[in-house]
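Colleague: Structure for this input, please:
(chains A and B)
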Protein chains: 2
Amino acid sequence: MIKARVTVTLKNGVLDPQGKAIEGALGALGFDGVNQVRQGKVFDLVLDGSDKAQAEEQLKAMCEKLLTNTVIENYAISID
Amino acid sequence: MIKARVTVTLKNGVLDPQGKAIEGALGALGFDGVNQVRQGKVFDLVLDGSDKAQAEEQLKAMCEKLLTNTVIENYAISID
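Modeller: Numbers count the residues shown, from 1 in each chain, chains lettered A, B, ... in the order given. Got it, this is the predicted structure:
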């Protein structure tokens, strides 16, 4: 069993209205000094097997095919 | 300027239909051996100042008040 985490974030330059809204809401709640907020996604996966190199290959394929929109998003894979 | 990342994940036992749907979609795409998928959120923040301890306190307050639903979600703060 391999536990992995895939973190998906917007590429630089891609507008993030959700992040902007959170930034505004934090300001309205009295949190000063928040310069930027950008929101992303995280996927925690549990995979069969114990070959970490193979798992990483498989996770990359999952990101390219389903988990990430590679036009506007970056992904990072970390395996425990 | 302090860069921080807040990772919000569902607590154990909380149903995650979105994660289940992704799990099913990965299976349909031919990815075998995926036992569990759970989706969470990540917030990348840029804060003014340079006091990391103070930033962490502020981030905790942001999580408790806005970023996290602490009934069903956990959060983790990491500061660069």
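Colleague: make it CA atoms for all contacts and neighbour counts henceforth
Modeller: Will do.
Colleague: tell me which parts of chain A are close to chain B?
Modeller: Residues of chain A lying near chain B by Cα under 8 Å from any Cα of the partner chain: A:7, A:26, A:31, A:33-49, A:58, A:62, A:66.
Colleague: Which ones among those lie within helices?
Modeller: Secondary structure defined by DSSP state H assigns A:26, A:58, A:62 of the residues of chain A next to chain B to helices.
Colleague: of those residues, closest to residue B:72?
Modeller: Distance to residue B:72, by Cα to Cα, is smallest for residue A:26 among those, at 20.9 Å.
Colleague: The closest one against residue B:62, yeah?
Modeller: Yes - using Cα atoms under 8 Å, residue A:26 is in contact with residue B:62, at 7.3 Å.
Colleague: what about residue A:53, neighbour count?
Modeller: 10 (other Cα atoms under 10 Å in any protein chain shown).
Colleague: Please disregard the earlier target; I meant residue A:70.
Modeller: For residue A:70, the number of neighbouring residues by other Cα under 10 Å comes to 15.
Colleague: Over to it. Which of the three states is it?
Modeller: At residue A:70 the chain is in coil, as set by DSSP: H, G, I helix; E, B strand; the rest coil.
Colleague: And it, how close does it get to residue A:11?
Modeller: From residue A:70 across to residue A:11, the span is 9 Å (Cα to Cα, to the nearest Å).
Colleague: Let's see the PyMOL selection covering just the buried ones among the residues of chain A next to chain B.
Modeller: To isolate the buried ones among the residues of chain A next to chain B in PyMOL, judged by 16 or more other Cα atoms under 10 Å in any protein chain shown, type:
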select buried, chain A and resi 7+26+34+36+37+38+39+40+41+42+43+44+45+46+47+62
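Colleague: Residue A:54: neighbour count?
Modeller: Neighbourhood size, residue A:54 [other Cα under 10 Å]: 11.
Colleague: just residue A:71 next, same as before
Modeller: Look at residue A:71: counted by other Cα under 10 Å, it has 9 neighbours.
Colleague: For it, give me its contacts.
Modeller: Contact analysis of residue A:71 by Cα atoms under 8 Å, 6 or more residues apart in numbering or on different chains lists nothing.
Colleague: what are the phi and psi angles of it?
Modeller: Per-residue torsions, residue A:71: phi -70, psi -40 (degrees, to the nearest 10).
Colleague: From the rest of the structure, what touches the helix or strand containing residue A:20?
Modeller: Following DSSP states H and E, one finds residue A:20 within helix A:17-28. If you take Cα under 8 Å, 6+ apart as the criterion, helix A:17-28 is touched by A:32, A:34, A:35, A:36, A:37, A:38, A:39, B:62, B:66.
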